[in-house]
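> Give me a model of this one.
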Amino acid sequence: MAQIQQNGAGQVGRDLLLPLIHGRVRLLVLSSLLRTRKGISFTSLRDELKLTDGTLSVHLSKLEEGALVAQEKSIVGKKPLTTIKVTPKGRRLFRKYVADLKSIIPGLS
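Okay, here's the model as predicted:
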């Protein structure tokens with residue numbers, strides 16, 4: 001578990017709360033995706049989180065660059081379908097993120 005460190009001025013310095021996950025939209029995306037192992041379509045995720053295509057796309061790209069999610073593109077009928085899944089690394093880092101939150105917020109467990 002990550003440790004909170006205080007510098008000489010009494011401020012908390014940290015290597016906690018991975019910035020890749022800590023952003024509001026990325027946290028919402030991962031939280032939604034973690035509810036299923038089979039993945040969620042781009043449009044379902046967009047609608048569930050009430051995001052624009054562009055906003056969701058940008059955040060998914062960042063999560064994909066960090067190998068936290070994977071996007072699978074296919075054709076169903078004649079329509080393109082993008083399915084997004086959390087990777088094993090994404091699951092592991094999300095568990096660490098939650099543990100870090102618990103270590104710094106009293107009563108969260």
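
> This structure: helices as residue ranges?
19-22, 24-33, 42-49, 53-65, 88-104 (DSSP state H).

> Any regions of this structure where pLDDT drops low?
1-15 (pLDDT under 70).

> Dump the helices of the chain to JSON lines, plus distance to K73 and mean neighbour count.
(C-beta placed from N, C-alpha, C; glycine too.) Compiled in JSON lines, the helices of the chain are given as follows (distance: least, C-beta to C-beta, whole Å; neighbours: other C-beta atoms under 10 Å):
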{"stretch": "helix 19-22", "distance to K73": "23", "mean neighbour count": "16"}
{"stretch": "helix 24-33", "distance to K73": "16", "mean neighbour count": "18"}
{"stretch": "helix 42-49", "distance to K73": "9", "mean neighbour count": "15"}
{"stretch": "helix 53-65", "distance to K73": "12", "mean neighbour count": "16"}
{"stretch": "helix 88-104", "distance to K73": "18", "mean neighbour count": "15"}
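
> between the ones you listed, which one is nearest to T82?
Closest of the helices of the chain to T82 is helix 42-49, at 4.1 Å (criterion: C-beta to C-beta).

> what packs against the closest one?
helix 24-33, helix 53-65, strand 79-86 (3 or more C-beta pairs under 8 Å, 6 or more residues apart in numbering; DSSP states H and E).

> right, so of these, which gets closest to K96?
K96 sits nearest to helix 24-33 of all those, at 12.1 Å, using C-beta to C-beta.

> Show me how far that closest one is from its chain's centre.
5 Å (C-alpha atoms, centre = their mean, to the nearest Å).

> Output the helices of the chain as TSV; include the columns distance to I75.
Below are those laid out as TSV (distance: least, C-beta to C-beta, whole Å):
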stretch	distance to I75
helix 19-22	30
helix 24-33	22
helix 42-49	14
helix 53-65	19
helix 88-104	26
